[in-house]
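In: 3D, please:
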Amino acid sequence: MKLNYVTKQLSTVKRWMATTLFCMLAIAFVWQGAFFSNTSAMAAPSATLIASSDAGDKVQEKTSKDAGRAKNFIEDTKDKVKEAAKSNASKVDQATDNGSFVERKAKRDAATIQRRADEDATRTKEAVDNTKNVVERTVDNIKDAFGK
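Out: Below is the predicted model of the structure:
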């Protein structure tokens, strides 16, 4: 009987300690967040920056440049993948007898890899164009909203 009473008391004490610890941690995280937040950004006149058509033009120009860089990167990656496929097929060709199953399979795989590299590059470039167009439309809509 006495053991059951002590167990209930310990259970209650454990629950209170866990609740207290949880609350203290919550307070500490909220307090830490307040000290590390960037309060200088709150005072910035962002409305004038967004409303400025010059800023919108700069965003559109940067988006176009970034899209061009992305397309160049995609093209370089496609060329490297195709080159690696050709190189691997050539190594298999040199290591095997003429007309062997492995050689034919390597050549088919190289052709498949090259075809897929072209297809993937085309799809990725289209996605870059679509993203660029969405950004430009959004900037135009923001400029129109603040212009009226």
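In: what's around the closest residue to Ser64 other than its chain neighbours, how many residues?
Out: Nearest residue to Ser64 in three dimensions, chain neighbours excluded: Lys132, at 6.7 Å (Cβ to Cβ, 6 or more residues apart in numbering). Placement of C-beta: from N, CA and C, glycine included. Lys132 has 18 neighbours, counted by other Cβ atoms under 10 Å.
In: what's the answer for Lys65, then?
Out: 10.
In: show me which helix runs longest in this protein.
Out: helix 101-147 (DSSP state H).
In: re the thing from before, tell me the pLDDT at the residue nearest to Ser64?
Out: In this model, Lys132 is scored at 82, pLDDT.
In: surely it is in contact with Lys65?
Out: No: using Cβ atoms under 8 Å, Lys132 is not in contact with Lys65, being 10.1 Å away.
In: ok, Val102 - contacts?
Out: Val92, Thr96 (Cβ atoms under 8 Å, 6 or more residues apart in numbering).
In: how far away is it from Thr96?
Out: 5 Å (Cβ to Cβ, to the nearest Å).
In: how close does Asn141 sit to Asn133?
Out: In terms of Cβ to Cβ, Asn141 sits 12 Å off from Asn133.
In: can you check Asp97 too?
Out: For Asp97, the distance to Asn133 - Cβ to Cβ - is 53 Å.
In: for Thr96, give me its contacts.
Out: Neighbour list for Thr96: Val102, Glu103 [criterion: Cβ under 8 Å, 6+ apart].
In: what's the first helix or strand after the helix or strand of the chain with the lowest mean pLDDT?
Out: Least confident helix or strand, the chain: helix 46-51 with a mean of 48, by mean pLDDT, DSSP states H and E. Downstream of helix 46-51, the first helix or strand assigned by DSSP states H and E is helix 53-95.
In: below-threshold pLDDT in the protein: ranges please.
Out: Along the chain, segments meeting pLDDT under 70 span 1, 33-57, 59-60, 147-148.
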